[in-house]
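Asker: Predicted model, plus sequence, below.
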Amino acid sequence: MLIAGVDEAGRGPLCGAVVAAAVILDPYRPVAGLRDSKKLSTGRREALREAIESMALDWALGRAEPEEIDRLNILQATLLAMKRALTALSARPGLVIVDGNRCPDWTECPVQALVGGDDRIEAVSAASILAKTTRDREMLRLDAEYPGYGLARHKGYPTREHREALEKLGPSPIHRCSFAPVARAARIANKSR
């Protein structure tokens, strides 16, 4: 039975999309060294990404944009991104294992949520790596497009540097307006105009 592992990156940041990945590994071509992406160095994640993309039976990405996050809320947007990743797979799994405690609305096969799955199930680890590297690469690109926020360093997370930049510059078009620090910065920016 084919198992699709699913994980996301980008629930906590103040800007950018939430990115999900779905991966079906090839049991005859194992990828050595898979584990939770947060426990790997940037270089190791990138090397594993290349191995996953070339050796997996199938993989796909899904995303939900900041406007969708603001409209739906971050949980529902994350589940939508996961569903989009699953829908984009060419192969059909017999089981989907999702990292965490919530599952996307998926009726094609059984879906199981597993807290800590990104460090226990290799397909979920692979999805974790693809989602994180995709989102990190995007933050590097967006750092050049929206300078001053420090996105290349903190990847959009609510660090002190990011919150201070938000208050100084106001939110950019990629910021999530429904998140409290962004909403507060928008109010400050509107008052100063």
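Answerer: The structure has been received and is ready for your questions. No experiment lies behind these values; they were computed from the predicted model shown.
Asker: Would you mark the buried spots in stretch 119-134?
Answerer: Buried positions in stretch 119-134, judged by neighbour count with 16 or more other CB atoms under 10 Å: 121-134. Bear in mind the C-beta positions are built from the backbone N, C-alpha and C, glycine included.
Asker: Who are the packing partners of the biggest helix by length in the chain?
Answerer: Counting by DSSP state H, the longest helix found in the chain is helix 122-145. Here helix 122-145 is seen to pack against strand 3-9, strand 18-24, helix 42-55, strand 58-64, strand 95-99, helix 151-154 when contacts are counted using 3 or more CB pairs under 8 Å, 6 or more residues apart in numbering; DSSP states H and E.
Asker: try 10 Å
Answerer: strand 3-9, strand 18-24, helix 42-55, strand 58-64, helix 74-88, strand 95-99, helix 151-154 (3 or more CB pairs under 10 Å, 6 or more residues apart in numbering; DSSP states H and E).
Asker: That helix versus strand 3-9: what angle between them?
Answerer: With axes from the mean of the first three to the mean of the last three CA atoms, to 10 degrees defining the directions, helix 122-145 sits at 30 degrees from strand 3-9.
Asker: And helix 122-145, how far out from the chain middle?
Answerer: 7 Å (CA atoms, centre = their mean, to the nearest Å).
Asker: now the angle from that helix to strand 95-99?
Answerer: For the pair helix 122-145 and strand 95-99, the angle between their directions (the same axes, to 10 degrees) equals 50 degrees.
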